[in-house]
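**Student:** Pasting the sequence and the predicted coordinates here, then a few questions.
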Amino acid sequence: MANIERYFGQFGVNHYPPGVRPALEELTSTYQKLRQSPEFQRELNKVRIGSAIGPHPFPMIVRDFQGVVGQEAREQFLSITNGSLPEHVVACVASGSNAMVEPLGKSDELGQHAATLSYGRPGTLHGARSIVLQQDDGAPASVSSVASGLVYPGIGPEIAMLHQTGRLSAAAISDEEVISTFFRMAKFEGIIPALESAHTVAFAIRLASQRPLSERILVNLSGRGDKDVDYVLENYGTGVSSL
Ligand SMILES: Cc1ncc(COP(=O)(O)O)c(C=O)c1O
């Protein structure tokens, strides 16, 4: 239950800064009105790809829009810590709008995961050259992950470049770790994370156990898990015994 200041859970989190709320409400109500119009739907279909993939300008559009999250996170971090930045920033990645923990799915065998940066090689997918999980003949490999939003055999070209030049490192998290983290977050933080985002939290917990206490980790929770609750309950029950 949220208290009056919108803090949740045993340790307390705030879902969004109060200043952002009016803008979100305005955006939602404008979209609800516009989506009735066939003309708007036609325009929307041209840009519906929704991630930092495909040919220019899609990766740039998504990167620039998503960049607002990064800029605000940076500002908030600076103000909370009186002017310092985190040692680590962690986020999940399918194709790269927020980057960099990958889905290891059931195993590291081709077809059983969707960890493109970790196991892919250069190739072409959806009109752009990047790193792709592919079969011997270059056809895209089948991919698997408990998080439907991460089931993609490619990666945005800019993320591939950042990875190749060593500015971004990728880690992979299995479905099993994701499900256990999903339950832990719900219990200890009062947040149901998207299964995509549970990858990120699982890795942050692993990283925290390996790094000195003085280092700070900024975790990007990319989405809400209400969309995943039915799937998790049907396939994993309530998870109480696993905690
Ligand atoms: C909650 C959530 N987080 C992350 C992602 C992955 O985003 P991207 O493909 O831009 O890396 C998705 C994709 O659908 C998602 O639904």
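**Tutor:** Noted; the coordinates are in hand. Nothing here was measured: the structure is a model prediction, and the numbers come from that model.
**Student:** Give me the contact status of stretch 57-76 with the ligand.
**Tutor:** No: Stretch 57-76 stays clear of the ligand (CB under 6 Å from any ligand atom), getting no nearer than 6.8 Å. In short, each C-beta sits where N, CA and C put it, glycine included.
**Student:** May I see the buried residues of that stretch?
**Tutor:** Neighbour counts over stretch 57-76 (16 or more other CB atoms under 10 Å) mark 58-59, 62-63, 66, 70 as buried.
**Student:** tell me the average confidence for the strand or helix carrying Lys33?
**Tutor:** Using DSSP states H and E, Lys33 falls within helix 21-34. The average pLDDT for helix 21-34 rounds to 87.
**Student:** How about residues contacting the helix or strand that comes right after it?
**Tutor:** Following helix 21-34 in sequence order, the next helix or strand is helix 38-46 (DSSP H and E). With contact meaning CB atoms under 8 Å, 6 or more residues apart in numbering, helix 38-46 is reached by 34-35.
**Student:** Quick check: next helix or strand after helix 38-46?
**Tutor:** Using DSSP H and E, the helix or strand that follows helix 38-46 towards the C-terminus is helix 58-80.
**Student:** quick one: average pLDDT of that following helix?
**Tutor:** Helix 58-80 comes out at a mean pLDDT of 88.
**Student:** cool, and stretch 219-233?
**Tutor:** Computed over stretch 219-233, the mean pLDDT rounds to 92.
**Student:** The ligand versus Glu102, what's the distance?
**Tutor:** For Glu102, the distance to the ligand (CB to the nearest ligand atom, to the nearest Å) stands at 10 Å.
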